[in-house]
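> how would this look folded up:
(2 chains)
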Amino acid sequence: MRKTRLNLQHRRTGAKMVDFAGWEMPLHYGSQVQEHRSVRRSAGLFDVSHMAVVDVPADCSEALHRLFANDLNRLAAPGQALYTAMLNASGGVIDDLIVYRLGSCYRMVFNAARERTDLAHLHRHLPEAAVRLRRDLNILALQGPEAGSILGRARPDLAEAIDGAGPFRCAQVGEALIGTTGYTGEAGFELIVPAERAEALWAELTRAGAAPVGLAARDTLRLEAGLNLYGHEMDEGIHPMRANLGWSIPLDRHSDFIGSEAVRDRAPALDDRLAGLVLEGRGVLRQGQRLFADGADIEQDSPCGIVTSGGFSPTLECSIALARIGCAVERTCAVEIRGRLEAVRIVRPRFVWRGKNVIKDEEATP
Amino acid sequence: MSDLRFTETHEWALPQEDGSVRVGISHYAQEQLGDVVYTELPQVGSVLQAGAVAGVVESVKAASDIYAPLAGEVSAVNEALEAAPETVNQAAEADGWLFQIRPEDSAALEGLLERAAYEDFLRDS
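Below you'll find the model as predicted:
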């Protein structure tokens, strides 16, 4: 199994280590729920060095423009960051990623489980020498309402470089990149640093008060924030508009990317969408559970949807999920749990943001 | 504590003064499950065969079936768990009990593992 530079630190902190996409990573350090809450209430620190960092020189921007469904022109100047999907020719999602614009290059962070597929796709569309996989870098994420003050105490040099920046900004400090990005719904930073500095940075940030947080809480945090996870809400067979990615695909001004034709042509025919669920009945929502229209019969009727990610929300203390549901189903439906139908409320796919309950009904279809 | 008997599916059973047997999951099982957020317990009055699914304990991680360690009629369930499922984590082998069963044959208890044997089983598995 592949190990990040922080492997020993995790073990010493009592982490339960698991295989994640071929990497030995911390699942939790004792209690997933406590770790989750520390991110919502103060600040947590994640090792996400399993993700793949790739640099492409700034002069390849035209080729990159074609690779990404979001408009790379939004990264006009160094210091900006962008979330985008990378699609195949039939409009399926190869991966989703963050692109940071640095002075001399674009720095991209891909999902670990998609590294090989992503690199093959990049090599097909970019000159061989332009794609640089940065195995020499590690990624730490510091997230939560106290992330700023902790960074200020632990590393004033980094804090100063990003001081006052809103979300999706970045700055370079020597060999380090600091970005105001994350995967939790809280304010915070992602720090991409040379591997040999990762241990010192981890120690500095935990000493200043950041709680180590494992991948288990990372998943419940992103679920509460309504953030997609590759392989759950999206994959190569899913049209991006079925995965709530429309906001990141500005077709009106960016129309010449790989997959754009398929995205445009098939959009009018889509008959389901990604929504949020709040369980009102008993049990816990889990990925793969089938959804039925109110009044339907499990034996006789077809399901109207499926849970793509589900779990228990430590912040809301109830079970929530992301689900793909037929367009005709609105407001409420039922979920099959152990052969029983339990009531669920259909809401917008975002539950918690900046520490607060933000559950809202979907907008009425015009 | 020493009177607890265990199964290889990580339940424990403890005879009560009224002749019923209290059932829960082992400390080891709660540790493996992680934070428990929901329990589904059998109906009082239902009759269970030994080894039958008696309920479900759901943690943040997964749902896990609970098996009846011996045959009998369910005589009580731990209703406090509905409001405080975390009790299963905090006191798996005491206040975090799940249900009580009136055994068909109380001698069946003798067929379950003593603590030392259960601990050997954990070490070997």
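
> Quick one: residues contacting residue 3.
Here I'm looking at chain A. Going by Cβ atoms under 8 Å, 6 or more residues apart in numbering or on different chains, residue A:3 touches A:23-24. Backbone N, C-alpha and C define where each C-beta goes, glycine included.

> The chain in question should be chain B.
B:14-15.

> Make sure I have this right: it is in a helix.
No: assessed with DSSP: H, G, I helix; E, B strand; the rest coil, residue B:3 is coil; it does not lie in a helix.

> neighbours of residue 10, just the number please.
You didn't pick a chain, so chain A it is. Applying other Cβ atoms under 10 Å in any protein chain shown, we find 22 residues neighbouring residue A:10.

> Wait, chain B was what I had in mind.
22.

> Please look at it and residue B:29 and confirm they touch.
Yes: contact criterion Cβ atoms under 8 Å: residue B:10 and residue B:29 qualify, at 3.7 Å.

> Enumerate the residues of chain B near chain A.
Residues of chain B found near chain A (Cβ under 8 Å from any Cβ of the partner chain) are B:34-35, B:37-38, B:40, B:56, B:58, B:60-63.

> among these, which two are most distant?
Spatial extent of the residues of chain B next to chain A (Cβ to Cβ) is set by the pair B:34 and B:40 at 17.2 Å.

> Settle it for me: which of the two has more neighbours?
Between residue B:34 and residue B:40, counted using other Cβ under 10 Å, the more crowded position is residue B:40 (23 against 20).

> Find the nearest non-adjacent residue to that one, please.
Distances taken as Cβ to Cβ, 6 or more residues apart in numbering or on different chains place residue B:56 nearest to residue B:40, at 4.3 Å, with adjacent residues excluded.

> so what's that neighbour up against?
Neighbours of residue B:56 in contact, by Cβ under 8 Å, 6+ apart: A:338, B:38-40, B:63-66.

> Give me the below-cutoff pLDDT ranges for chain A.
Confidence mapping of chain A against pLDDT under 70 gives the ranges A:364-366.

> And residue B:75, its phi and psi?
The phi/psi pair for residue B:75 (degrees, to the nearest 10) reads phi -110, psi -20.

> what residues go with each domain of chain A?
A:2-49+A:135-224, A:271-366 (automatic domain parsing).

> Return the list of strands paired to the strand or helix carrying residue A:24, each annotated with direction.
Here residue A:24, judged by DSSP states H and E, is contained in strand A:23-28. Sheet pairing of strand A:23-28 (DSSP bridges) gives strand A:2-3 (parallel), strand A:16-20 (antiparallel).

> May I see those strands organised as TSV, with distance to residue A:124 added?
Formatted as TSV, the strands paired with strand A:23-28 follow (distance: least, Cβ to Cβ, whole Å):
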stretch	distance to residue A:124
strand A:2-3	25
strand A:16-20	27
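
> Between those strands, which one is closest to residue A:103.
Of the strands paired with strand A:23-28, nearest to residue A:103 by Cβ to Cβ is strand A:2-3, at 30.1 Å.

> Going by residue numbers, what spans are strands in the stretch 201-350 of chain A?
Secondary structure of the stretch 201-350 of chain A (DSSP state E, counting those that start in this stretch): strands at A:211-212, A:272-279, A:290-292, A:305-313, A:318-326, A:332-337, A:340-347.

> what's the answer for the stretch 51-200 of chain A, then?
With strands called from DSSP E, counting those that start in this stretch, the stretch 51-200 of chain A shows them at A:52-57, A:81-87, A:93-101, A:105-110, A:132-133, A:137-143, A:170-173, A:176-179, A:188-194.

> for those strands, which one sits closest to chain B?
Minimum separation from chain B across these (Cβ to the nearest Cβ) falls at strand A:137-143, 18.5 Å.

> Remind me what that closest one packs against, helices and strands.
Packing partners of strand A:137-143 (3 or more Cβ pairs under 8 Å, 6 or more residues apart in numbering or on different chains; DSSP states H and E): strand A:44-47, strand A:188-194, helix A:195-207.

> list the buried ones in the longest one?
By neighbour count, with 16 or more other Cβ atoms under 10 Å in any protein chain shown as the criterion, the buried positions of helix A:195-207 are A:197-198, A:201-202, A:204-206.
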